[in-house]
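Asks: starting from these lines, generate the structure:
(one chain, ligands or ions: 1)
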Amino acid sequence: MKPQKVLMCKPEYFEVNYSGNEFMKGNIDNVDKAKALSQWNGLKEIYASLGYEVVLIEPVKDLVDMVFTANQSLPFLDASGKKKVILSKMKNEQRKGEVTYFKDFYLKRDYEVIELPDEIRYFESMGDCVIDYNRNILFGGFGFRTDEKTYDTIANYTDFKILKLKLINPVLYHLDTCFSILNSKTAVIQQSAFSDEGLNSIKEYFENIIYADEKENLDYFVCNCHCPDGRNVIVQRGSAKFAEDITKTGLNLIDVETGEFMKSGGSVFCMKIMIY
Ligand code: ARG
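Replies: A predicted model of the protein is given here:
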């Protein structure tokens, strides 16, 4: 079953003060905090206007990336419908402290919390896991922020069919920077992020693939869009080709401003997680 609540974190302490990915490099101390807050509010209002309950987790001082709530946890339902969550192991030192706050959040909401074993070093949850809930398939990116073997463990805990995708372009460090599922027929991808093998397996699963223009993806994070309901596609404003592709597909484009967050390497998909 598809999760129907949106979890977000107010960007109270958000800034770019280290270089954790290519986008952050030129943007140290370059975030306009007031602008970031108003962009975040804009996104939150879009989810509310689409009828989703938006749940908030308290921001924590010094945890500058906590606003990217996609990355700390992987919530799911087990076969009996019980709420469970696998916690991340963040790659970058600056983000490791975030996970414990998510653990507390889920414990309060009656989730069973699963911590990954020691032999797994990195896993950044919904940054690297893009899920087709209708078909119960988890597309799992690995290579930069997630260890490939994490997915063997996830396969033991969940009943998702897992399709692993190796990421080969270091700029596109999370699967959600180069792949998005709009509905069970349609996906958006940035081809250069995948090996031929990965591309072929994606093609097996989707009838309609929208190929993002490389520059548009870097400028507007189009692959980091989010389509919560198979119909409305929320995306950073400004793309031309992508906007046209979405309209041609018969979907509804909702554009937002996430420019301050793109300076940190994230946009719509990273700024929320869907929870039960
Ligand atoms: N600055 C954050 C990092 O490098 C951005 C995370 C964006 N999240 C995402 N799911 N792509 O970790």
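
Asks: now the residue lying farthest from the centre of the chain: how far from the ligand?
Replies: Most distant from the centre of the chain: Ser80, at 25.9 Å, with distances by C-alpha atoms, centre = their mean. Distance, Ser80 to the ligand, by C-beta to the nearest ligand atom, to the nearest Å: 29 Å. All C-beta spots, glycine's among them, are computed from the backbone N, C-alpha and C.

Asks: per-residue confidence for that residue?
Replies: Note on Ser80: pLDDT of 95.

Asks: could you identify the helix or strand that succeeds the host helix or strand of Phe242?
Replies: Assessed by DSSP states H and E, Phe242 sits inside helix 241-248. Scanning forward in sequence from helix 241-248 by DSSP H and E, the next helix or strand is strand 252-256.

Asks: just how off-centre is the helix or strand just after that following strand within its chain?
Replies: Downstream of strand 252-256, the first helix or strand assigned by DSSP H and E is helix 259-262. From the chain centre to the centre of helix 259-262 is a distance of 15 Å (C-alpha atoms, centre = their mean, to the nearest Å).

Asks: right, is whatever helix or strand comes next after helix 259-262 up against the ligand?
Replies: As assigned by DSSP H and E, the chain's next helix or strand after helix 259-262 is strand 273-275. No - Strand 273-275 lies apart from the ligand when judged by C-beta under 6 Å from any ligand atom; the minimum separation is 9.2 Å.

Asks: I would like the residues contacting strand 273-275, please.
Replies: 2-7, 55, 69-70, 73, 75, 109, 125-126, 228 (C-beta atoms under 8 Å, 6 or more residues apart in numbering).

Asks: near the ligand, which of those show up?
Replies: Ala70.

Asks: picking up where we left off before, pull the distance from the helix holding Phe242 to the chain's centre.
Replies: On C-alpha atoms, centre = their mean, the centre of helix 241-248 falls 21 Å from the chain's centre.

Asks: do stretch 60-67 as well
Replies: Chain-centre distance of stretch 60-67: 17 Å, with C-alpha atoms, centre = their mean.
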